[in-house]
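Asks: pasting the structure only:
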């Protein structure tokens, strides 16, 4: 079943079908014309845009979390990153949210990235859990110590998210799987 909240194009296609039907009826039976008939397709199209703007799906909420964390990393805003991390956070190198926060503060003390772009984004949702596998291109900041190796870095990550008690998605764990197509992990990161 297609989710109209995730894909509002279905309602836009339906509005086109309604337009064709209304036009056919108005041409075939002119005596049955009413002032409100041409408005029907516009109402369905308006409903499509309203649904898209008013309803935030889990997919959109998770994308927003990942995008916000990436933008916060660029801005060196560790407080914003911390807001998207679950209290029960744990990965292979950081045993708690506090350890990750401390690591982020040390890492982001100096500029690292100028821009981060997606190469791929694969999301699986099995509420209240979600898994993201993503590959990003990190455009390194010229002043970054990592820019010595080159201006671009390709990073693949696996991120697990959980829906919090207030229905917000929070990052429960994350693993770096490769950097520049070389196997990599948190344990290889240096502060």
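Replies: Perfect, I can see it now. Because the structure is predicted, anything quoted here is derived from the model rather than measured.
Asks: give me the domain ranges for the chain.
Replies: Following automatic domain parsing, one finds the domains of the chain at 9-54, 60-188.
Asks: list the contacts of the helix or strand hosting residue 13.
Replies: According to DSSP states H and E, residue 13 maps onto helix 9-28. Contact with helix 9-28 is made by 2, 4, 32-33, 37-38, 40-42, 44-45, 47-48, 51, as judged by Cβ atoms under 8 Å, 6 or more residues apart in numbering. For the C-beta atoms, the positions are set from N, CA and C on the backbone; glycine is no exception.
Asks: want to throw those into JSON lines with pLDDT?
Replies: Shown next, in JSON lines, are the contacts of helix 9-28 (pLDDT from 0 to 100):
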{"residue": "2", "pLDDT": "59"}
{"residue": "4", "pLDDT": "65"}
{"residue": "32", "pLDDT": "77"}
{"residue": "33", "pLDDT": "80"}
{"residue": "37", "pLDDT": "80"}
{"residue": "38", "pLDDT": "80"}
{"residue": "40", "pLDDT": "84"}
{"residue": "41", "pLDDT": "85"}
{"residue": "42", "pLDDT": "84"}
{"residue": "44", "pLDDT": "82"}
{"residue": "45", "pLDDT": "82"}
{"residue": "47", "pLDDT": "82"}
{"residue": "48", "pLDDT": "79"}
{"residue": "51", "pLDDT": "79"}
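Asks: just the buried ones from the residues you listed, in ChimeraX syntax?
Replies: Per 16 or more other Cβ atoms under 10 Å, the buried members of the contacts of helix 9-28 correspond to this ChimeraX selection:
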select :4,41,44,45,47,48,51
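Asks: let's have the contacts of helix 9-28 in CSV, adding distance to residue 139 and secondary structure.
Replies: Converted to CSV, the contacts of helix 9-28 look like this (distance: Cβ to Cβ, whole Å; DSSP: H, G, I helix; E, B strand; the rest coil):
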residue, distance to residue 139, secondary structure
2, 36, coil
4, 37, coil
32, 61, helix
33, 59, coil
37, 53, coil
38, 50, coil
40, 48, helix
41, 44, helix
42, 43, helix
44, 42, helix
45, 39, helix
47, 40, helix
48, 36, helix
51, 35, helix
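Asks: so, low pLDDT: which residues of the chain?
Replies: Residues of the chain that meet the criterion pLDDT under 70 lie in 1-5, 7, 189-191.
Asks: residue contacts, the residue nearest the centre of it?
Replies: Computing the C-alpha centroid of the chain and ranking residues by Cα atoms, centre = their mean puts residue 63 first, at 1.0 Å. By Cβ under 8 Å, 6+ apart, the contact list for residue 63 reads 121, 123.
Asks: check the offset of the strand or helix carrying it from the chain's centre.
Replies: According to DSSP H and E, residue 63 maps onto helix 58-74. Per Cα atoms, centre = their mean, to the nearest Å, the displacement of helix 58-74 from the mean C-alpha position of its chain is 5 Å.
Asks: only the buried residues of that helix, if you could.
Replies: Going by 16+ other Cβ under 10 Å, helix 58-74 has these buried residues: 58, 61-63, 65-66, 69-70, 72-74.
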